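> Okay, here's the prediction I keep looking at, along with the sequence it came from:
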Amino acid sequence: MNNLVLLSGTASDSHTWNLVYLQLLLEEAGHRVINLGACVPPVLLADECEAEQPDLVVLSTVNGHGYQDGPRALAELRGRPGLAAVPVVIGGKLGTGGPEPAQADALRAAGFAEVFDDDTAIARFREFITAHALCRTAGTAS
Amino acid sequence: MTGFADAVARAAAAGRLVVQPRMGMASPLEMRAGLLAVRDADASTVGTLTVDSYTRVGDHRAALAALHDGARLNGYPIVSHHPETTQAVLDGLTGFPVQVRHGSADPRAIFGALAAAGLDATEGGPVSYCLPYSRKPLRDSVEHWSEACENFSGHLETFGGCMMGQLCPPSLLVALSVLEAVFFRFHGVESVSLSYAQQTNADQDAEAIRALRVLAGRFLSDVDWHVVVYAYMGVFPRTPAGARLLNDNAARLAVRAGAERLIVKTVAEAHRIPTVDENVAALESAAEAAAQAAPEESFVDTGVLAEATALVEAVLELPGDPGTALLAAFRRGLLDVPYCLHPDNAGHARSHIDDTGRLRWSSVGAMPIPRSSVDRSGPAPDSAGLLAALHRVAHLHDARTR
């Protein structure tokens, strides 16, 4: 298993320093990373996932539209062949007024494996990707 | 000269730095009130009308819908408001120049709307409003900007001195600002300003602004030009005192290096969009800092001019017009913006901040920059190091004022 992570911004977000930082973080944890950059429309995200078949998809956005843009991206992706089960997580500044627990729950209900939208986001994300890598290694061994 | 450039030239002749905010409101009445407050500030000011993000990306239908629904917009939708509305916003402001700021890789409609309202100044560039903020192919941006410039008769400022806001070594910022100005001139623009964004070390910044002036003198001798400094465009100090210090230092830098104009940042920068009062306070504070600073004649040469000259010459030696040359330069990696993820950027260049606070190259990719300029002693390019570099200026200024 090659631990390939596809990292992407959302359709309406032009920020990229968050993506540059997360790529380094993921590579340090031993993952290979494809970084799609800013302003990625759902169709492009799904096209790239279909072509690359990543082990994990990470959406990062800090423009405050994440609670709206996230589900649209996920819906397009789930409709594609071979992408029904790939874990997808989202994080960043997802709302314009700070973290909203109810909105985060709605994202989980929509099918996101995890939501990182509060003060503990980076610490929890580190734990998640470490566990994810271990889980993959175990899967290969068995 | 245009009304905008003329006002800047008059202030410069009188030894005063022109200061300018970033400001845009959806409501014509609020926009007008903001412009009047800036005009009446205790400083040599010019006004700014910043467009909203729907207008920036060309979604004028969404901007119009927001106006009808009374939804909040983060700027003035100049394309969606009727030209007469914008004329009313500006009514009676004769002699107070206003610049339109927009961030668009396709500025054609915005250029048309500002001219229809009687305005004569705006800003941007085919590279600087494409690579950092959009997915639009650079080729398309160059085409749109060529067309917009051909039909434009006012003053145009490059945004190329800002690329990514932070961590871009000064020589590349200077080169891109000059190249965008050369592009403007080729397409018929006769009055330009060249931007440079304050970075991490005042001495290095002063050297860079001097280099920008030398290259402007050489490559833009047949048009009217001046230099505009942007107060720090990266992660901003969170404390009011830290933010004020950084903004005031930008004003001192501008005067020291002979720049004519400064675009300020407010104490709200780290938190939210500033109020009109916060903008006026930032303008007056910067003007006061500028009045106590003096131009410097000599400066230490650490090679910024040589690097920037090599970059500009390498691009302009490529066949074709400046737009074609810029496209070829990015394709070959002769220009390569560190940490820029756009598909048309080579992405091999990296930078860091050294022990003295100067921005240095960690690697230059295929850019024509001597290997001796590359500092291999820098910190490992890991996630913690990147985060520290991004927050360095903010932390230093917050700490210094405690």
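Right, received. Where do you want to start?
> mind checking which helix or strand A:Val89 is in?
Here A:Val89, judged by DSSP states H and E, is contained in strand A:88-92.
> tell me what that strand is packed against?
The elements that strand A:88-92 packs onto, with contact taken as 3 or more Cβ pairs under 8 Å, 6 or more residues apart in numbering or on different chains; DSSP states H and E, are strand A:56-61, helix A:66-78, strand A:114-116, helix A:121-141. C-beta coordinates here come from the backbone N, C-alpha and C atoms, glycine included.
> Could I get the buried residue list for whatever helix or strand comes next after it?
For strand A:88-92, the succeeding helix or strand toward the C-terminus, using DSSP H and E, is helix A:101-110. For helix A:101-110, a neighbour-count test (16 or more other Cβ atoms under 10 Å in any protein chain shown) marks A:103-104, A:107, A:110 as buried.
> and the most centrally placed residue in chain B, how far is that from chain A?
Nearest to the geometric centre of chain B sits B:Phe159, at 3.9 Å (Cα atoms, centre = their mean). B:Phe159 sits 14 Å away from chain A, going by Cβ to the nearest Cβ, to the nearest Å.
> now B:Ala399
For B:Ala399 relative to chain A (Cβ to the nearest Cβ), the value is 22 Å.
> Contacts only, for that residue.
B:Ala399 is in contact with B:Gly242, counting by Cβ atoms under 8 Å, 6 or more residues apart in numbering or on different chains.
> Tell me the confidence at it?
As predicted, B:Ala399 sits at a pLDDT of 95.
> secondary structure class for it?
Per DSSP: H, G, I helix; E, B strand; the rest coil, the local secondary structure of B:Ala399 is helix.
> what does chain B have sitting close to chain A?
B:132-135, B:164, B:339-343, B:381-383, B:386-387, B:390 (Cβ under 8 Å from any Cβ of the partner chain).
> For ChimeraX, what selects the buried ones among those?
Buried residues within the residues of chain B next to chain A, by 16+ other Cβ under 10 Å, are selected in ChimeraX with:
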select /B:132,133,134,135,164,339,340,341,342,383,386,387,390
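> Tell me the one of the residues of chain B next to chain A nearest B:Leu305?
Closest approach between those and B:Leu305, by Cβ to Cβ: B:Met164, at 21.8 Å.
> quick one on the thing from earlier: for chain B, find the nearest of the helices and strands packed on strand A:88-92.
helix A:121-141 (9.2 Å; Cβ to the nearest Cβ).
> Name whatever forms a beta bridge with the residue nearest the centre of chain A.
Nearest to the geometric centre of chain A sits A:Val58, at 1.7 Å (Cα atoms, centre = their mean). Here A:Val58 sits in beta bridges with A:Leu7, A:Val89, going by DSSP bridges.
> which residues touch it?
Neighbouring residues of A:Val58 by Cβ under 8 Å, 6+ apart: A:5-8, A:22, A:26, A:88-91.
> Then B:Ile263?
B:19-22, B:48, B:228-231.
> if you set the cut-off to 10 Å instead, what comes out?
Listed by Cβ atoms under 10 Å, 6 or more residues apart in numbering or on different chains, the contact partners of B:Ile263 are B:18-22, B:46, B:48, B:99, B:101, B:123, B:157, B:162, B:195, B:197, B:228-231, B:233, B:250, B:254, B:286.
> Can you flag which of these belong to helices?
B:250, B:254, B:286 (DSSP state H).
> Nearest residue to A:Val36 in space, please, no chain neighbours.
I think there's a mix-up here, since residue A:36 is Leu and not Val. A:Ser8 (4.1 Å; Cβ to Cβ, 6 or more residues apart in numbering or on different chains).
> Just to check, the one you found is in contact with A:Asp47?
No: assessed by Cβ atoms under 10 Å, A:Ser8 is found out of contact with A:Asp47, at 11.4 Å.
> Please compare these two by neighbour count and tell me which comes out ahead.
A:Ser8 (24 against 15; other Cβ atoms under 10 Å in any protein chain shown).
> separation between that one and chain B?
Distance, A:Ser8 to chain B, by Cβ to the nearest Cβ: 10 Å.
> Identify the residues contacting that residue.
A:Ser8 touches A:19, A:34-40, A:44-45, A:48-49, A:57-61, A:73, counting by Cβ under 10 Å, 6+ apart.
> As CSV, the buried residues of helix A:101-110 with pLDDT and distance to B:Leu114 would be great.
Formatted as CSV, the buried residues of helix A:101-110 follow (pLDDT from 0 to 100; distance: Cβ to Cβ, whole Å):
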residue, pLDDT, distance to B:Leu114
A:Gln103, 94, 38
A:Ala104, 96, 42
A:Leu107, 97, 40
A:Ala110, 96, 42
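> For the one helix or strand A:Val33 maps to, list every residue counted as buried.
Assigned by DSSP H and E, A:Val33 belongs to strand A:32-35. Using 16+ other Cβ under 10 Å as the test for burial, strand A:32-35 gives A:33-35.
> same thing with stretch B:139-152?
B:139, B:141-142, B:144-146, B:148-149, B:152.
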